[in-house]
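**Q** heads up, no residue letters with this:
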């Protein structure tokens with residue numbers, strides 16, 4: 001190369017190096033995703049979305065790629081996920097997008113596996129998730145109204161969208177990322193009909209940069225008119241057996257709009273004290289194929305449900321008075337089970353997709369490896385009574401939100417007045433209370449069973465300690481009940497018709513168990529227990545909790561979720577990446593513990609069973 005040519009080459013390289021980022025981006029292939037009449041267009045050509053829903057916090061991060069690969073193998077070309085506000089902003093202005101909460105990493109993993117993404121950032125997501133994804137601290141402000149144009153709520157939503165955008169805006173399709181569409185709110189028509197509120201959410205997304213592409217709304221068929229905006233595509237949601245009727249309603253509502261099913265419910269979720277759900281995978285596969293062959297884009301809810309680890313299960317309430325908390329397992333009877341193994345409907349749906357799209361199906365992935373490990377019978381214990389934190393005083397009971405506490409338990413303590421026997425009434429109990437006098441249990445009240453009163457013994461002495469240990473069993477995630485879904489004792493406590501005043505409140509968020517003082521002696525009542533599981537080679541397993549009563553369990557530092565002897569769930573999924581070779585610590589809190597009887601084992605498969613309705617099982 002001659003010197004002049006070399007100089008010219010170096011000059012060209014320098015110019016390229018200092019070109020603006022936008023100019024460099026123009027040299028990449030920039031894809032487009034748009035609507036033309038009844039079709040979606042990818043780069044100007046008709047494109048059928050074949051999606052499945054997965055939620056990053058319900059899947060161990062180490063398994064994200066595995067689940068995404070299995071989605072691709074089933075024939076999906078897109079993954080749909082919510083963004084969970086309460087996970088990412090646990091306290092006002094404090095954000096967490098690290099580790100298990102690294103949404104951007106999940107989206108990049110999807111793109112690496114050749115999958116597009118539909119993002120559903122709420123701010124309300126439902127999802128059988130605690131308070132529908134809202135941070136509970138929003139409810140501390142009594143002037144704030146969720147899902148409304150209320151100024152305090154609007155300001156909080158704007159801040160959330162602005163912060164979320166810093167994570168996901170680089171991953172929008174126009175920026176070379178996998179996000180082809182963003183949903184505005186979520187099934188708003190089932191809640192209200194204030195289109196000004198929907199427009200406000202849309203404008204907030206646009207202002208944050210989340211809407212720089214295709215935006216749409218999603219509603220059940222009967223709610224399309226109430227929950228859709230005229231300038232955005234509308235999609236329809238329904239369960240198996242309703243495809244023809246519900247898609248016909250969408251076509252009637254938007255005869256010239258794109259044809260898409262935003263949620264096709266291929267399964268269902270479980271609730272404590274109710275029956276375990278299984279659905280007909282053969283009918284679902286037939287219906288899925290029918291929708292694809294009739295030109296519909298479809299997103300299956302759920303492709304893989306996973307687990308609502310920690311405290312994150314939600315609850316149903318349709319009237320505001322009924323209460324149905326969801327189980328820790330979010331298996332959903334989905335094509336991939338809770339541990340990520342294909343169940344029979346995976347192959348049926350895979351074939352349905354292949355037939356409808358005239359492609360050859362890939363081999364069905366193998367089941368996840370599962371093993372059984374020995375758990376030591378010997379265990380240490382720590383009584384809740386011996387590990388009380390500092391208290392907060394108030395003449396009237398404070399809610400969890402007033403105490404700046406999101407989840408866990410609060411112990412409410414007062415002193416009994418003279419002649420204290422009679423009826424104890426807790427107004428507004430959210431959600432489950434064990435009542436003690438001088439540390440002896442005298443009764444249980446369960447919001448699920450609409451219980452608010454119990455009769456105290458008549459021989460109680462003046463000045464005895466009245467303790468009410470209240471559990472947050474999961475805030476309601478559906479209906480207008482979310483507007484007042486504060487947790488703890490949300491009203492007054494009455495004894496013999498007179499209001500009980502002068503309360504000390506002890507918070508147990510149970511985020512850090514390192515301060516607990518364990519010992520080898522016996523423990524009964526509300527107790528923490530600790531033992532070890534011996535693992536030679538990590539593999540997935542399930543912890544059988546049928547020897548426990550009601551509480552929370554940790555594997556090492558990972559909060560696996562709730563257990564409850566009423567069923568229908570009797571095991572907790574314990575993923576291999578959260579185990580290590582050697583002794584693995586298991587800690588649990590049981591509201592009705594007894595060190596002589598507490599028993600925990602490891603089993604190969606999940607256990608579901610008949611529910612128990614007796615008061616003793618509460």
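**A** The structure has been received and is ready for your questions. This is a predicted model, so every value here is computed, not measured. Numbers count the residues shown, from 1 in each chain.
**Q** mind listing what the closest residue to residue 464 other than its chain neighbours touches?
**A** Closest residue in space to residue 464, ignoring its immediate chain neighbours: residue 416 at 4.6 Å, by CB to CB, 6 or more residues apart in numbering. The way it works is simple: take the backbone N, C-alpha and C, and place the C-beta from them, glycine included. By CB atoms under 8 Å, 6 or more residues apart in numbering, residue 416 lies in contact with 437, 460, 461, 462, 463, 464, 465, 466, 495.
**Q** scan the residues you listed and report the most crowded one.
**A** residue 466 (23 neighbours; other CB atoms under 10 Å).
**Q** so residue 478 sits against residue 319, correct?
**A** No - using CB atoms under 8 Å, residue 478 is not in contact with residue 319; the gap is 11.4 Å.
**Q** of these two, who's got more company?
**A** Between residue 478 and residue 319, residue 478 has the larger neighbour count (other CB under 10 Å), namely 20 against 9.
**Q** where along the stretch 151-300 of the chain do the helices fall?
**A** For the stretch 151-300 of the chain, helices defined by DSSP state H, counting those that start in this stretch occupy the ranges 151-168, 195-208, 224-227, 243-253, 281-293.
**Q** the spatially most central residue of the chain bridge partners, please.
**A** Closest residue to the average C-alpha location of the chain: residue 129 at 3.6 Å, with CA atoms, centre = their mean. With DSSP bridges as the criterion, residue 129 is bridged to residue 313.
**Q** and it, what does it touch?
**A** Counting by CB under 8 Å, 6+ apart, residue 129 has contacts 82, 84, 86, 308, 312, 313, 314, 477.
**Q** in those residues, find the pair that's most separated.
**A** Within those, two members stand farthest from each other by CB to CB: 82 and 313, at 14.8 Å.
**Q** more crowded one of the two?
**A** Neighbours were counted for residue 82 and for residue 313 using other CB under 10 Å; residue 313 has more, 27 against 24.
**Q** pLDDT at that one, what is it?
**A** Note on residue 313: pLDDT of 98.
**Q** list the contacts for it?
**A** Contact partners of residue 313, counting by CB under 8 Å, 6+ apart, are 128, 129, 130, 325, 326, 327, 328, 330, 474, 561, 562.
**Q** dump those into CSV; add pLDDT as well.
**A** As requested, these are exported to CSV (pLDDT from 0 to 100):
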residue, pLDDT
128, 98
129, 98
130, 98
325, 98
326, 98
327, 98
328, 98
330, 98
474, 98
561, 98
562, 98
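**Q** strands of the stretch 301-450 of the chain, start to end?
**A** 315-316, 324-325, 380-383, 391-394, 409-415, 422-426, 429-430, 432-437, 440-446 (DSSP state E, counting those that start in this stretch).
**Q** let me know the average pLDDT across the fifth one.
**A** Averaged over strand 409-415, pLDDT sits at 97.
**Q** please spell out which residues along it are buried.
**A** Going by neighbour count (16 or more other CB atoms under 10 Å), the buried part of strand 409-415 is 409, 410, 411, 412, 413, 414.
**Q** and the end-to-end length of stretch 572-585?
**A** End-to-end distance of stretch 572-585 (CA to CA, to the nearest Å): 15 Å.
**Q** other residues contacting that stretch?
**A** Residues outside stretch 572-585 that contact it (CB under 8 Å, 6+ apart): 60-63, 307, 328-329, 338-339, 369, 530-543, 545, 553, 555-556, 558, 560-561, 563, 602, 606.
**Q** got a quick PyMOL command for the buried subset of the residues you listed?
**A** Selecting only the buried entries of the contacts of stretch 572-585 in PyMOL, with 16+ other CB under 10 Å as the criterion:
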select buried, resi 60+61+63+307+328+329+338+339+530+531+532+533+535+538+539+540+541+542+543+545+553+555+558+560+561+563+602+606
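**Q** could you list the low-confidence segments of this protein?
**A** Scanning the chain for pLDDT under 70 picks out 1-28, 611-618.
**Q** per-domain residue ranges of it.
**A** Residue ranges for the domains of the chain, per automatic domain parsing: 47-357, 396-501, 521-617.
**Q** would you format the ones you listed as a markdown table with distance to residue 38 included?
**A** Conversion of the domains of the chain to a markdown table gives the following (distance: least, CB to CB, whole Å):
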| stretch | distance to residue 38 |
| --- | --- |
| domain 47-357 | 5 |
| domain 396-501 | 31 |
| domain 521-617 | 41 |
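**Q** reformat the contacts of residue 313 as CSV; add distance to residue 427.
**A** Converted to CSV, these look like this (distance: CB to CB, whole Å):
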residue, distance to residue 427
128, 27
129, 27
130, 23
325, 20
326, 25
327, 28
328, 29
330, 32
474, 20
561, 29
562, 25
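**Q** nearest to residue 52, of those?
**A** In terms of CB to CB, no member of these lies closer to residue 52 than residue 330, at 14.2 Å.
**Q** count the neighbours of that closest one for me.
**A** Residue 330 has 27 neighbouring residues, counting by other CB under 10 Å.
**Q** and what of residue 344?
**A** Using other CB under 10 Å, the number of residues around residue 344 comes to 11.
**Q** go on, residue 43?
**A** Neighbours of residue 43 (other CB under 10 Å): 11.
**Q** what residues are up against it?
**A** Neighbour list for residue 43: 31, 32 [criterion: CB under 8 Å, 6+ apart].
**Q** spit out the contact partners of residue 429.
**A** Under the criterion of CB under 8 Å, 6+ apart, the neighbours of residue 429 are 445, 447, 451, 452, 470, 489, 490.
**Q** beta partners for it?
**A** For residue 429, the beta-bridge partners are residue 489 (DSSP bridges).
**Q** so residue 271 makes contact with residue 323?
**A** No - here residue 271 does not reach residue 323: they are 9.8 Å apart, not a contact under CB under 8 Å.
**Q** what is in contact with these two at once?
**A** 315, 316.
**Q** the nearest residue to residue 54 once chain neighbours are set aside - how many residues pack around it?
**A** Excluding the flanking residues, the one nearest residue 54 by CB to CB, 6+ apart is residue 304, at 4.9 Å. When neighbours are counted by other CB under 10 Å, residue 304 registers 30.
**Q** okay but residue 304 is in contact with residue 334, surely?
**A** Yes - here residue 304 reaches residue 334: they are 5.4 Å apart, a contact under CB under 8 Å.
**Q** what helix or strand is the residue nearest to residue 601 when sequence neighbours are not counted located in?
**A** Excluding the flanking residues, the one nearest residue 601 by CB to CB, 6+ apart is residue 544, at 4.6 Å. Using DSSP states H and E, residue 544 maps to strand 541-547.
**Q** so residue 310 makes contact with residue 555?
**A** No - judged on CB under 8 Å, residue 310 makes no contact with residue 555 at a distance of 11.7 Å.
**Q** which elements pack onto the strand holding residue 544?
**A** With contacts taken as 3 or more CB pairs under 8 Å, 6 or more residues apart in numbering; DSSP states H and E, strand 541-547 sits against strand 550-555, strand 571-574, strand 599-603.
**Q** 6 Å instead, please
**A** Contacting strand 541-547 under the criterion 3 or more CB pairs under 6 Å, 6 or more residues apart in numbering; DSSP states H and E are the following elements: strand 571-574, strand 599-603.
**Q** return the most buried member of those.
**A** Of all the helices and strands packed on strand 541-547, strand 571-574 has the most neighbours on average by mean count of other CB atoms under 10 Å, namely a mean of 25.
**Q** out of the domains of the chain, nearest to residue 32?
**A** Closest among the domains of the chain, using CB to CB: domain 47-357, at 7.2 Å.
**Q** measure residue 376 to residue 198 for me?
**A** To residue 198, residue 376 is 55 Å away according to CB to CB, to the nearest Å.
**Q** repeat that for residue 420.
**A** 53 Å.
**Q** again with residue 33
**A** 22 Å.
**Q** of those two, who's got more company?
**A** For residue 33 versus residue 198, neighbours defined as other CB under 10 Å are more numerous around residue 198 (22 against 18).
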